[in-house]
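Undergrad: next come a sequence and a model predicted from it.
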Amino acid sequence: MRKHMARTAWLPMLLLLGLTLPAQEAGKIALPENVKNGLDGLQKTRTANGVFSIQFQNAYFWALEKSVYVNVLFSAGLAGDAAGMKDLIKKQYDERVAAEMKKLEAINKKIRKEEDKKKWEPPALAYPNYFHVLYLRVLKDGQVIQEYHSPVPSDGESEAYYSFGTVLEPGDYDVLLDISRSDSTLDGTLLFPLQVPALRLGDITAPAKELKISTPVFYAEVRQLPRSEATFAVVKNKYENGPAMLDFFPWGDRPFKSSDKPTLAFFVLGAVAVQGAEPWNISAALEIRRGKESIAKFAELKLTNPYFYQPIEFVRKDNGKSSPLPAGDYVLLVEMKDNNQAGQAVGKFEIPFKIIE
């Protein structure tokens, strides 16, 4: 296992970022009539209309100074509907071209000289940049606190999921989604509850005798974006923290192969920060177990900020030789202690995973 990545220089910046999205309060968005009716009906009845098979998949949370950055993942099965809309556009285009060609033929029949006959080149067939729009409404205690909208990406990549990000305070919310065709001929809805954990900077840094962690997540990849983006946007097959210029590709529920090298990440809560170049001093010991058997132990890690971000390798070492872990069910045991506290606050966590080959 490699040493803890020190290149996460973006972490302190993001933790201290007083992040907000451009205000789009209720009533400020010009909603299409079908969307307004869909969202209002969903808010009243709490029953989705079942169109587009919209399903909530997961939510990921990122600590900010005074709030929490929330990324919501959902699926919608829009590829078939987009293909149908493309077929309709192509059919309408072909009909218009055929009608124009028929008119041209009628005109040219009356013209004797070939050089005088009219010529016409049909315009290139153009498809819209997107076929669907997502409308988001967030309720707190029954009151609308956020409304946003964004085109849904429409490209050649197959849909595993879509995602969007927003900023919320810790607490309980109702999230309402309306996905409408770009021509407003059809829309589908979904409502789901969302609980945002206490994961602000103050929540993370409040001293505790027992360390805790946010929900651990395995990532296939994290990429740096070329520029910051603070507008509300739907993206596909990843989730995006635009203001931090980061793209996240979570592993999801897939099992691992022994050759995989995912990155494990979570926030550490309860460790004390002190004045200095490295405010936090957290030690982490990692061990892979299969049942009660210890399969692999790794060198102790030192964390200088409360974000654990560590590539994991599925290997065991015998007499100095490394070999891949065989298929089976395992537990990654993480033991942490805060060296800045006299009593050395500790925490012990088990993260199950499965290897299939």
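TA: Everything's here; your move. Please read all numbers here as calculations on a predicted model, not as lab measurements.
Undergrad: is it true that S163 touches V235?
TA: Yes: if you go by CB atoms under 8 Å, S163 and V235 touch, sitting 5.7 Å apart. To be clear about C-beta, it is placed using only N, CA and C from the backbone, and glycine gets the same treatment.
Undergrad: so which of the two has more stuff around it?
TA: Taking neighbours as other CB atoms under 10 Å, S163 and V235 compare with S163 leading, 22 against 19.
Undergrad: next, the buried residues of stretch 204-217.
TA: I204, T205, L211, K212, I213, S214, V217 (16 or more other CB atoms under 10 Å).
Undergrad: pull the contacting residues for the first one.
TA: Contacts of I204 were listed using CB atoms under 8 Å, 6 or more residues apart in numbering, and they are L15, A63, F267, V268, L269, P306.
Undergrad: mind listing the helices for the stretch 51-200 of the chain?
TA: Ranges of helices within the stretch 51-200 of the chain are 79-109, based on DSSP state H, counting those that start in this stretch.
Undergrad: would you list every one of the strands in it?
TA: In the stretch 51-200 of the chain, the segments counted as strands under DSSP state E, counting those that start in this stretch are 55-63, 68-75, 132-140, 143-152, 162-168, 171-181, 187-196.
Undergrad: returning to that earlier point: relative to R227, which of the contacts of I204 is nearest.
TA: The closest of the contacts of I204 to R227 turns out to be L15 (CB to CB; 20.4 Å).
Undergrad: for L332, give its distance to R223.
TA: 24 Å (CB to CB, to the nearest Å).
Undergrad: okay, those two: which has more neighbours?
TA: L332 (20 against 12).
Undergrad: centre of the chain to the helix or strand that the more buried one is a member of, how far?
TA: Using DSSP states H and E, L332 sits within strand 328-338. Centroid displacement of strand 328-338 relative to its chain, using CA atoms, centre = their mean, to the nearest Å, is 26 Å.
Undergrad: next secondary structure element downstream of that strand?
TA: Once strand 328-338 ends, the next helix or strand along the chain (criterion: DSSP H and E) is strand 346-355.
Undergrad: beyond the helix or strand hosting G202, next helix or strand please.
TA: Applying DSSP H and E as the criterion places G202 in helix 201-205. Moving toward the C-terminus from helix 201-205, the first helix or strand encountered (DSSP H and E) is strand 212-213.
Undergrad: residue ranges with poor pLDDT in the stretch 1-150 of the chain?
TA: 1-29 (pLDDT under 70).
Undergrad: burial count for the residue lying closest to Q55 once chain neighbours are set aside?
TA: Distances taken as CB to CB, 6 or more residues apart in numbering put S75 closest to Q55, at 5.0 Å, once the chain neighbours are dropped. Other residues near S75 come to 15 when the count uses other CB under 10 Å.
Undergrad: same question for I356.
TA: I356: 10 neighbours (other CB under 10 Å).
Undergrad: show me what contacts the residue nearest the centre of the chain?
TA: Centroid check for the chain by CA atoms, centre = their mean gives Y239 as the closest residue, at 2.5 Å. Residues in contact with Y239 (CB under 8 Å, 6+ apart) are Y60, N71, L73, S163, G165, D247, F248, P250.
Undergrad: beta-bridge partners for Y60, please?
TA: Taking DSSP bridges as the rule, Y60 bridges to N71.
Undergrad: R289 contacts I295, doesn't it?
TA: Yes: assessed by CB under 8 Å, R289 is found in contact with I295 at 6.1 Å.
Undergrad: which of those two has more neighbours?
TA: I295 (18 against 15).
Undergrad: hmm, back to that, just want the angle from the strand holding L332 to strand 346-355.
TA: Taking axes from the mean of the first three to the mean of the last three CA atoms, to 10 degrees, one finds strand 328-338 and strand 346-355 inclined to each other by 160 degrees.
Undergrad: could you chop the chain up by domain?
TA: 10-78+131-355, 79-116 (automatic domain parsing).
Undergrad: tabulate the ones you listed in JSON lines, adding columns for distance to L125.
TA: Shown next, in JSON lines, are these (distance: least, CB to CB, whole Å):
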{"stretch": "domain 10-78+131-355", "distance to L125": "15"}
{"stretch": "domain 79-116", "distance to L125": "5"}
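Undergrad: closest one to A124 among the ones you listed?
TA: Comparing the domains of the chain under CB to CB, the one sitting nearest is domain 79-116, at 9.6 Å.
Undergrad: quick one on the thing from earlier: what's the farthest-apart pair in the buried residues of stretch 204-217?
TA: Most distant of the buried residues of stretch 204-217, by CB to CB, are T205 and V217, 20.8 Å apart.
Undergrad: okay, and the common contacts of R289 and I295?
TA: Contacts common to R289 and I295, judged by CB under 8 Å, 6+ apart, are Y330.
Undergrad: distance of the closest residue to K257 other than its chain neighbours relative to T185?
TA: Spatial nearest neighbour of K257, excluding adjacent residues (CB to CB, 6+ apart): E357 at 5.4 Å. E357 sits at a distance of 47 Å from T185 (criterion: CB to CB).
Undergrad: equivalent analysis for G38, please.
TA: For G38 relative to T185 (CB to CB), the value is 13 Å.
Undergrad: so for the two, which residue has more residues nearby?
TA: With neighbours defined as other CB under 10 Å, G38 and T185 compare such that G38 has more, 24 against 10.
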